[in-house]
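*Asks:* whatever this is, show me its structure:
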Amino acid sequence: MAASTGSDGRAAPTIYDVARAAGVAASTVSRAFARPGRVNADTAGRIRKIAAELGYRTNPVDRALLSGRSSMIALAISDITNPYYFEIIRGAQAAAMEAGYTMLFADAQESDQLEREALDRAVQTVEGIVLASTRMSDTSIRMTAKLRPLIVLNRAVAGVPSVVTDHRQGMWQAVDHLHGLGHRHITYLAGPAAAWSDGIRWQALREATVELGLRLHRLGPYPPTVLGGVAAAADYCRRPSSAVIAYNDLLALGLLRGLSAVGVRVPQDVSVVGFDNIFGTDLVTPGLTTLAAPLHLLGHTAVQGLLALISGAQPPVDKPLTIPTRLVVRASTDQPRRPGSLPTRTGGIPRPAAKPVGPEQHG
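*Replies:* Here you go, the predicted model:
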């Protein structure tokens with residue numbers, strides 16, 4: 001590993017340089033900075049004086065090499081450009097900072113291979129790992145969990161502690177809201193076929209609509225993106241209903257765009273509900289009714305749980321820790337006003353080429 005350099009281009013002094021100049025072991029230098037009470041006061045003072053003269057600064061890698069404790073944890077994100085993760089990152093970082101830990105971020109770019117490679121490098125330095133909407137297989141997750149304390153977000157993996165949104169409660173809230181407005185026929189725009197959360201949401205939708213006597217049909221699967229929602233709009237127009245619930249907000253926002261392009265009005269012709277309450281759902285016209293996943297709390301709770309594992313707590317692996325959702329009602333839902341065929345402009349909706357859908361995508 002190449003040595004780091006200072007602003008003058010010379011190699012920065014290491015803990016071993018300080019130890020050599022002070023005539024002590026490197027572990028003594030480490031304790032002088034991390035736990036000064038365990039080092040003779042005169043020795044600690046001499047070490048700090050020499051370190052200052054050499055321009056040495058303590059760093060997590062030195063501490064990790066000597067003590068096995070780096071005060072660093074990793075947060076792996078499947079796609080850091082997706083606004084779904086903004087508040088998760090902030091919540092996770094807030095919890096890490098409160099405990100004096102530094103957060104290392106890994107952007108998997110929707111690739112399980114890139115995610116595994118990043119974690120293979122990070123696992124040598126960090127004390128624990130949070131996987132947010134990981135694309136890795138259950139087997140890879142369990143193998144990583146054997147190397148470092150680990151918590152999974154947005155997915156239940158047997159034998160591994162996890163934190164999830166209450167998808168079931170959220171879907172019941174959405175169906176109850178639409179039923180109360182008078183809707184009797186709902187379309188679900190499905191997310192990735194292999195997504196754990198999509199299966200849970202679909203099951204909850206089926207249960208709720210059966211209990212309330214509503215019609216339900218499913219379109220998809222679609223990539224959980226705006227372009228996926230535009231593609232879904234073309235399919236929806238061929239088989240319309242008075243209301244749509246989308247797998248996530250990005251799909252719902254793409255649906256709004258696609259419907260607007262052909263003159264289908266929201267909510268006059270169709271009501272639309274999303275999921276996650278990401279940034280921007282209140283800025284579009286009409287504002288998007290959505291299930292608010294407590295994203296900041298998800299990130300904060302995951303890191304707090306991880307730090308407990310690092311401290312020796314027993315991991316709760318019997319079932320995921322579930323965080324409640326709440327319905328945020330905006331202008332995209334209203335009473336059904338005009339049954340019948342949808343008004344569409346000539347030419348229809350141009351269907352974009354959809355990207356391949358990988359396992360466990362979220363948005």
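
*Asks:* helix or strand with the lowest mean pLDDT in the protein?
*Replies:* Between all helices and strands in the chain, the lowest mean by mean pLDDT, DSSP states H and E belongs to helix 60-67, at a mean of 54.

*Asks:* using PDB, list the CA coordinates for the helix or strand following that one.
*Replies:* On the C-terminal side of helix 60-67, the nearest following helix or strand under DSSP states H and E is strand 72-77. Written as PDB, here are the backbone C-alpha positions of strand 72-77 (Å, rounded to 0.1, in the frame of the first residue of the first chain):
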ATOM      1  CA  MET A  72     -15.400   3.200  11.000                       C
ATOM      2  CA  ILE A  73     -18.500   1.500   9.600                       C
ATOM      3  CA  ALA A  74     -19.600   1.000   6.000                       C
ATOM      4  CA  LEU A  75     -22.900   1.800   4.400                       C
ATOM      5  CA  ALA A  76     -23.400   0.100   1.000                       C
ATOM      6  CA  ILE A  77     -26.000   1.800  -1.200                       C
END
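
*Asks:* ok, and what's touching strand 72-77?
*Replies:* 60, 64, 85, 88-89, 92-93, 96, 101-108, 115, 118-119, 122-123, 125-134, 299, 303, 306-307, 310 (CB atoms under 8 Å, 6 or more residues apart in numbering). (Glycine included, C-beta is placed from N, CA and C.)

*Asks:* please state the offset of that strand from the chain centre?
*Replies:* From the chain centre to the centre of strand 72-77 is a distance of 11 Å (CA atoms, centre = their mean, to the nearest Å).

*Asks:* helix or strand right after that strand?
*Replies:* Counting by DSSP H and E, the next helix or strand C-terminal to strand 72-77 is helix 86-98.

*Asks:* by how many degrees do that following helix and strand 72-77 diverge?
*Replies:* Orientation of helix 86-98 against strand 72-77 (axes from the mean of the first three to the mean of the last three CA atoms, to 10 degrees) gives an angle of 180 degrees.

*Asks:* what mean pLDDT would you report for helix 86-98?
*Replies:* Predicted confidence along helix 86-98 averages 93 (mean pLDDT).

*Asks:* ranges for the strands of the stretch 201-350 of the chain?
*Replies:* Under the criterion DSSP state E, counting those that start in this stretch, the stretch 201-350 of the chain contains strands at 215-219, 243-246, 271-275, 289-292, 321-323, 326-328.

*Asks:* so can I have TSV of these showing mean neighbour count and distance to residue 50?
*Replies:* Supplementary listing: the strands of the stretch 201-350 of the chain in TSV, determined by neighbours: other CB atoms under 10 Å; distance: least, CB to CB, whole Å:
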stretch	mean neighbour count	distance to residue 50
strand 215-219	15	69
strand 243-246	29	62
strand 271-275	29	58
strand 289-292	26	55
strand 321-323	15	48
strand 326-328	16	57
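
*Asks:* of all those, which lies closest to residue 48?
*Replies:* Nearest to residue 48, of all the strands of the stretch 201-350 of the chain, is strand 321-323, at 43.1 Å by CB to CB.

*Asks:* from the chain's centroid, how far away is the closest one?
*Replies:* Per CA atoms, centre = their mean, the displacement of strand 321-323 from the mean C-alpha position of its chain is 14 Å.

*Asks:* that strand - contacts with which helices or strands?
*Replies:* With contacts taken as 3 or more CB pairs under 8 Å, 6 or more residues apart in numbering; DSSP states H and E, strand 321-323 sits against strand 162-165, helix 295-310.

*Asks:* point out the most buried one among the ones you listed.
*Replies:* Comparing those by mean neighbour count (mean count of other CB atoms under 10 Å), strand 162-165 comes out on top with a mean of 24.

*Asks:* measure residue 329 to residue 291 for me?
*Replies:* 11 Å (CB to CB, to the nearest Å).
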